[in-house]
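*Asks:* Predicted model follows, preceded by the sequence.
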Amino acid sequence: LERRILRTARRIFVRDPATAAFLQRHGVTAEAPGNVIVDLLATDARVDWHGAAERIALLPGSRARAYADAVRLAAVARLVARRVPRTAAVMSIAPGLEPARFAPALSGEPPIAAWRDDLGALFADATLALGQAGTANEAAAACGVPVVAFEFDGARKSAWYRMRQTRLLGDALAVVPGDPERAADAIAALLGDAPRRAHMARVGRER
């Protein structure tokens, strides 16, 4: 049905060459000139990571559960910092959310900085992204930043969304255990595996 509708359009633009090729094989003349979301990430701004060797972008998302997910992400990031020297984390706070409600996640040792500006600046020098987000996770992958998410928490909607995101991002997304200690172990191992992170970056840009 979708392809039938698409055939009525004068021109059809999709986000990537793989989707264009699939549609072309089914008689839909699709073009893939570029990805609008990726274009919007372009910026000359940069986050100050204060000389950290390993730089983790925290992406709690933009929905109501972001406040709780921020606490969870921050706890894991701090456990990673204990395992991997010179690791810093910066948390993205999406527009429309209340910055003050992120205080429980940001306060602690080591402290976690808040970022409220362009995501492109956050991703420019990030080593990896740890996120429970939707579009932000996908934007990080598109910038070549390996993305890590927690295993499903049992909520059907969350599980369905993560399943679809996994299909989209493929090897660019690593799903780690929900337990904080086990998650930190998995992330520390990923930080020590440069070839795997390079592969994740290549897949993310392609996807």
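*Replies:* Structure's in. What do you need?
*Asks:* show me what contacts residue 90?
*Replies:* 47, 49, 55, 56, 57, 58, 112, 113, 114, 115, 122 (CB atoms under 8 Å, 6 or more residues apart in numbering). In short, each C-beta sits where N, CA and C put it, glycine included.
*Asks:* one more time with 6 Å, if that's ok
*Replies:* 47, 113, 115 (CB atoms under 6 Å, 6 or more residues apart in numbering).
*Asks:* nearest to residue 83, of those?
*Replies:* residue 113 (20.0 Å; CB to CB).
*Asks:* Specify the beta-bridge partners of the nearest residue to that closest one once chain neighbours are set aside.
*Replies:* Of all residues not flanking residue 113 in the chain, residue 90 sits nearest, at 4.7 Å (CB to CB, 6 or more residues apart in numbering). Beta-bridge partners recorded for residue 90 (DSSP bridges): residue 57, residue 113.
*Asks:* Which helix or strand in this structure has the lowest average pLDDT?
*Replies:* Here the helix or strand of the chain ranked lowest by mean pLDDT, DSSP states H and E is helix 156-169, holding a mean of 78.
*Asks:* Direction included, what does the following helix or strand past that one pair against?
*Replies:* Using DSSP states H and E, the next helix or strand after helix 156-169 towards the C-terminus is strand 173-176. Partner strands and pairing direction for strand 173-176 (DSSP bridges) are strand 147-150 (parallel).
*Asks:* average pLDDT for the partner strand?
*Replies:* Confidence for strand 147-150, expressed as mean pLDDT, is 95.
*Asks:* cool, stretch 82-97 as well?
*Replies:* Mean predicted lDDT for stretch 82-97 stands at 96.
*Asks:* Give me the buried stretch members for that stretch, please.
*Replies:* Applying a neighbour-count criterion of 16 or more other CB atoms under 10 Å, one finds 84, 87, 88, 89, 90, 91, 92, 93, 94, 97 buried in stretch 82-97.
*Asks:* ok, these vs residue 195, which is closest?
*Replies:* residue 84 (17.1 Å).
*Asks:* Can you give me every residue that contacts the closest one?
*Replies:* 54, 188, 191.
*Asks:* Excluding sequence neighbours, find me the nearest residue to the first one.
*Replies:* Put plainly, it is residue 54. residue 87 (4.2 Å).
*Asks:* next one: the second one
*Replies:* Closest residue to residue 188 in three dimensions, ignoring its sequence neighbours and counting by CB to CB, 6+ apart: residue 83, at 4.2 Å.
*Asks:* which residues touch residue 4?
*Replies:* Residue 4 neighbours (CB under 6 Å, 6+ apart): none.
*Asks:* Which residues does the longest helix seen in the chain contact?
*Replies:* Scanning the chain for the helix with the most residues, using DSSP state H, yields helix 66-83. By CB under 6 Å, 6+ apart, the surrounding residues in contact with helix 66-83 are 56, 58, 60, 87, 89, 97, 101-102, 104-105, 110, 112, 130, 132, 180, 183-184, 187-188.
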